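Student: need coordinates for the below:
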Amino acid sequence: VHDYPLVLVAVAGGENMKDLVDAANDLKSELTLIDDLADILIRGESDEEVLITIDQMKIDAYGLSKQAVYSAISSLSSIFPVGTVKAKGEHLYVSTINGEKSKEKLEESLLNVNGKRFYLKDIASVDVGLADPLQLSHFNSKANISLDIKKTKTGNAIELSKRVREVLVDYNAKYDGKVIFEAYTDTSIWIKNRLNLVSSNIMFGLILVMVALLLTLNIRIWMTSKRTTSCWVAVHLCQS
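Tutor: Just a heads-up that it's a prediction; the model follows:
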């Protein structure tokens with residue numbers, strides 16, 4: 001696989017980040033069907049994240065400290081050890097890439113804090129959404145994520161780039177402007193330019209060769225013609 005991407009594709013627009021992630025994964029699934037494409041990487045996507053909002057009045061009613069509740073939530077089997085918990089004010093942000101993502105199941109999680117047992121939904125609300133992306137970018141003033149598309153060593157860059165662009169045309173029609181798919185970097189263009197330069201140099205070289213041959217041929221013809229004229233003059237003088 002080549003280290004540098006063959007094509008970089010921007011997936012922009014949409015109503016929210018989830019629209020972009022879904023569209024990018026849809027496009028990736030289609031592109032993986034093309035032979036000699038490899039390592040299609042989505043950049044700027046977000047992992048699903050659980051937002052738990054603690055109701056301070058309810059934990060006060062239980063006579064519990066916020067820290068004790070946070071600790072109990074962090075120790076839930078559906079979160080620990082695959083998830084990470086970040087506390088911000090009354091909110092807990094739980095990244096559970098491989099853990100539980102069901103709002104209902106998380107709400108039914110049983111907590112045991114200082115000998116008091118209750119369900120998570122009794123003291124907090126739970127929402128599942130997308131975390132803030134680690135990489136923020138915009139394409140034509142619209143939020144976007146991108147696909148880095150690489151090819152195998154044996155793949156034809158120019159032909160593969162053409163096929164990728166054909167897929168992008170189809171996907172722009174499929175999403176009807178709600179999401180935009182556009183290639184903003186295409187390394188096959190560099191290859192085309194190099195081939196054009198090589199072709200131009202070959203043509204220029206051929207022209208120089210042809211000019212040299214014509215000049216040589218004309219000189220020979222002139223020299224032959226001059227010798228013939230000289231001989232004719234000499235013969236004519238002898239006859240006189």
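Student: for residue 149, see how far away the closest residue to residue 167 other than its chain neighbours is.
Tutor: Distances taken as CB to CB, 6 or more residues apart in numbering put residue 30 closest to residue 167, at 5.8 Å, once the chain neighbours are dropped. For glycine as for every other residue, the C-beta is placed from the backbone atoms N, C-alpha and C. From residue 30 over to residue 149 the distance is 12 Å, taken as CB to CB, to the nearest Å.
Student: same check, this time on residue 118
Tutor: Residue 118 is 50 Å from residue 149, by CB to CB.
Student: of those two, who's got more company?
Tutor: Of the pair residue 118 and residue 149, residue 149 is the one with more neighbours under other CB atoms under 10 Å, namely 25 against 17.
Student: how about the nearest residue to the more buried one, chain neighbours excluded?
Tutor: The nearest residue in space to residue 149 (CB to CB, 6+ apart) is residue 7, at 4.6 Å.
Student: over to residue 111?
Tutor: Nearest non-adjacent residue to residue 111, counting by CB to CB, 6+ apart: residue 72, 4.8 Å away.
Student: contact partners for the one you found?
Tutor: Residues in contact with residue 72 (CB atoms under 8 Å, 6 or more residues apart in numbering) are 111-113.
Student: and the pLDDT for it?
Tutor: What the model reports for residue 72 is a pLDDT of 86.
Student: check which helix or strand it maps to.
Tutor: helix 66-74 (DSSP states H and E).
Student: list the buried residues for that helix?
Tutor: Neighbour-count burial for helix 66-74 flags 69-70, 72-73 (criterion: 16 or more other CB atoms under 10 Å).
Student: give me the mean pLDDT for stretch 115-129.
Tutor: pLDDT averaged over stretch 115-129 gives 86.
Student: for that stretch, buried residues please.
Tutor: 118, 120, 123-124, 126, 128.
Student: do the same with stretch 145-162
Tutor: By neighbour count with 16+ other CB under 10 Å, stretch 145-162 contains the buried residues 145-151, 155, 157, 160-161.
Student: could I get the residues you listed as CSV with secondary structure?
Tutor: What follows is the buried residues of stretch 145-162, written out as CSV (DSSP: H, G, I helix; E, B strand; the rest coil):
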residue, secondary structure
145, strand
146, strand
147, strand
148, strand
149, strand
150, strand
151, strand
155, coil
157, helix
160, helix
161, helix
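Student: dump those residues into TSV; add distance to residue 59 as well.
Tutor: Putting the buried residues of stretch 145-162 into TSV (distance: CB to CB, whole Å) gives the following:
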residue	distance to residue 59
145	38
146	43
147	44
148	45
149	49
150	50
151	55
155	58
157	60
160	57
161	58
